[in-house]
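1. what would the 3D arrangement of this be:
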Amino acid sequence: MNKNRRLSMWLLLVFTLVTTSISAQDWRLKTNLAYWATTTPNIGAEKKISDQWSINFSTGWNPFTFSKNKKLKHIALQTEVRRWLDSPFSGHFLGANLLYSHYNVGRVHFPFGLFPKVKNHRFQGDLGAIGFVYGYDWQLDKSNRWNLEAAIGLGVGITHYTKYNCEKCASAIEKKTKAFVMPTKMAVSLVYNLGTKDTDKPN
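-> Model (predicted):
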């Protein structure tokens, strides 16, 4: 991946997070445990923007190549707007998300029959997607510091890629642009609330 492009994306994410607000009470940090299971380090942040709305940012980066040239190399950036059905950071939520990823993937077996051609070939390219999300957030402790969040999303992606045989330095065998229905989010996240959450307490 072009190093300047990678740096620009990271700087854009950091700038957005820093300039939106400095109030710790409205922020929380998270990491997707399911994403870690794919050997991908990742981090996210979420900001409450009103009584029932929040905006979520996340990124993941996988730089690893394994034996037999198996790889799930990619960098991914995702932004999501959420509508909480009760109050922010608690219970059910619905959302819409945007996803961008640059990837270099080969010899990977995805679950549920997703992307079957990747098992025998290497694909390198860029992906953009938009989708809708449903999720639920559980409070884990009485101090309101820790939560567990599960979310799933479905949408439409468009990718431009080059297809290779899996051998190193193999020649390109196909270049293509393709649109398809895809999962845009699969997350089981551990969440840390930076400040005391707003909770409705009886008088």
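
2. show me where this structure has helices.
-> 3-20, 33-36 (DSSP state H).

3. pLDDT-wise, which helix or strand of this structure ranks last?
-> Across the helices and strands of the chain, mean pLDDT, DSSP states H and E gives its lowest value to helix 3-20, namely a mean of 57.

4. flag the shaky bits of this protein, pLDDT-wise.
-> The chain contains residues with pLDDT under 70 at 1-25, 112-113, 167-169, 196-203.

5. ok, now with 90
-> By pLDDT under 90, the low-scoring segments of the chain are 1-26, 51, 66-70, 86-88, 106-122, 141-144, 165-173, 194-203.

6. buried ones in the longest strand seen in it, by neighbour count?
-> Longest strand in the chain, counting residues (DSSP state E): strand 172-193. Neighbour-count burial for strand 172-193, counted by 16 or more other CB atoms under 10 Å, picks out 182, 184-185, 187-189, 191, 193. For the C-beta atoms, the positions are set from N, CA and C on the backbone; glycine is no exception.

7. for it, output the C-alpha coordinates as CSV.
-> The C-alpha trace of strand 172-193 is given here as CSV (Å, rounded to 0.1, in the frame of the first residue of the first chain):
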residue,chain,number,x,y,z
ALA,A,172,-2.1,-10.9,-12.9
ILE,A,173,-4.9,-13.0,-14.4
GLU,A,174,-7.8,-10.6,-14.1
LYS,A,175,-8.7,-7.0,-13.3
LYS,A,176,-12.3,-6.2,-12.5
THR,A,177,-14.8,-3.9,-10.8
LYS,A,178,-17.6,-5.6,-9.0
ALA,A,179,-20.6,-4.6,-6.9
PHE,A,180,-22.2,-7.1,-4.5
VAL,A,181,-24.2,-7.6,-1.3
MET,A,182,-21.9,-8.1,1.7
PRO,A,183,-21.7,-8.0,5.5
THR,A,184,-20.5,-4.5,6.4
LYS,A,185,-20.1,-5.2,10.1
MET,A,186,-19.6,-8.2,12.4
ALA,A,187,-18.5,-7.1,15.9
VAL,A,188,-18.4,-8.3,19.5
SER,A,189,-16.6,-5.4,21.1
LEU,A,190,-15.3,-4.7,24.6
VAL,A,191,-16.0,-1.0,25.4
TYR,A,192,-14.5,1.4,28.0
ASN,A,193,-16.5,4.5,28.8
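
8. give the other helices and strands that that strand contacts.
-> strand 27-32, helix 33-36, strand 71-84, strand 91-106, strand 121-139, strand 146-165 (3 or more CB pairs under 8 Å, 6 or more residues apart in numbering; DSSP states H and E).

9. same list, those, but as CSV with mean neighbour count please.
-> Formatted as CSV, the helices and strands packed on strand 172-193 follow (neighbours: other CB atoms under 10 Å):
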stretch, mean neighbour count
strand 27-32, 20
helix 33-36, 16
strand 71-84, 19
strand 91-106, 18
strand 121-139, 18
strand 146-165, 17
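
10. sheet-wise, list the partners of the longest strand of the chain with their directions.
-> In the sheet, strand 172-193 lines up against strand 27-32 (antiparallel), strand 146-165 (antiparallel) (DSSP bridges).
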